[in-house]
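In: Quick one: sequence and predicted model below, then my questions.
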Amino acid sequence: MTVKEAVVARFIEIMQERNIRPNELANRAGVTPSTVYSMLDARRKELSINVIKKLCDGLEIKLGEFFSAPIFDELEQEIR
């Protein structure tokens, strides 16, 4: 699993826990719905930390809380 896949999985997990759809997350975060859908798109490989921060702000969680999930501890080294 890549970092991007883990970030997407974490956002999906939080949205499901809170029963929030991508459009609602976009509204809460002050970004366009296309920003959220682009982040969720598996074809897009890169993700901006600024977008992650805005989405976390919209969910009212700190970056540390977002990244403290076990999914991030299980990531393998990406440099080969």
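Out: Now that the structure is in, tell me what you want to look at. Residues are numbered from 1 along each chain as shown.

In: wait, doesn't residue 72 sit right on residue 5?
Out: No - using Cβ atoms under 8 Å, residue 72 is not in contact with residue 5; the gap is 11.0 Å. Glycine gets a C-beta too; all of them are placed from N, C-alpha and C.

In: Can you give me the buried ones in stretch 11-27?
Out: For stretch 11-27, a neighbour-count test (16 or more other Cβ atoms under 10 Å) marks 11, 14, 15, 20, 22, 25, 26 as buried.

In: who touches that stretch?
Out: 28, 32-33, 35-37, 39-40, 55, 58-59, 61, 66, 69 (Cβ atoms under 8 Å, 6 or more residues apart in numbering).

In: Please narrow those to those residing in strands.
Out: Judged by DSSP state E, the contacts of stretch 11-27 include no members of strands.

In: can you pull the contacts of residue 69?
Out: Contacts of residue 69 (Cβ under 8 Å, 6+ apart): 10, 13.

In: Repeat that for the one 5 residues further on.
Out: Neighbouring residues of residue 74 by Cβ under 8 Å, 6+ apart: residue 1.

In: per-residue confidence for it?
Out: The model reports residue 74 with a pLDDT of 86.

In: Can you find the helix or strand in this protein with the smallest mean pLDDT?
Out: Lowest on mean pLDDT, DSSP states H and E among the helices and strands of the chain sits helix 70-73, with a mean of 91.

In: now for it, which elements pack on it?
Out: helix 3-17 (3 or more Cβ pairs under 8 Å, 6 or more residues apart in numbering; DSSP states H and E).

In: Return the alpha-carbon coordinates of the helix it packs on using PDB.
Out: Below are the C-alpha coordinates for helix 3-17, written out as PDB (Å, rounded to 0.1, in the frame of the first residue of the first chain):
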ATOM      1  CA  VAL A   3       1.100   6.600   1.300                       C
ATOM      2  CA  LYS A   4      -1.500   8.000  -1.100                       C
ATOM      3  CA  GLU A   5      -3.600   4.800  -0.800                       C
ATOM      4  CA  ALA A   6      -3.300   4.900   3.000                       C
ATOM      5  CA  VAL A   7      -4.400   8.600   3.100                       C
ATOM      6  CA  VAL A   8      -7.400   7.900   1.000                       C
ATOM      7  CA  ALA A   9      -8.300   4.800   3.100                       C
ATOM      8  CA  ARG A  10      -8.100   6.900   6.300                       C
ATOM      9  CA  PHE A  11     -10.300   9.700   4.900                       C
ATOM     10  CA  ILE A  12     -12.800   7.100   3.700                       C
ATOM     11  CA  GLU A  13     -12.800   5.500   7.200                       C
ATOM     12  CA  ILE A  14     -13.400   8.800   8.900                       C
ATOM     13  CA  MET A  15     -16.200   9.800   6.400                       C
ATOM     14  CA  GLN A  16     -17.900   6.400   7.000                       C
ATOM     15  CA  GLU A  17     -17.600   6.700  10.800                       C
END
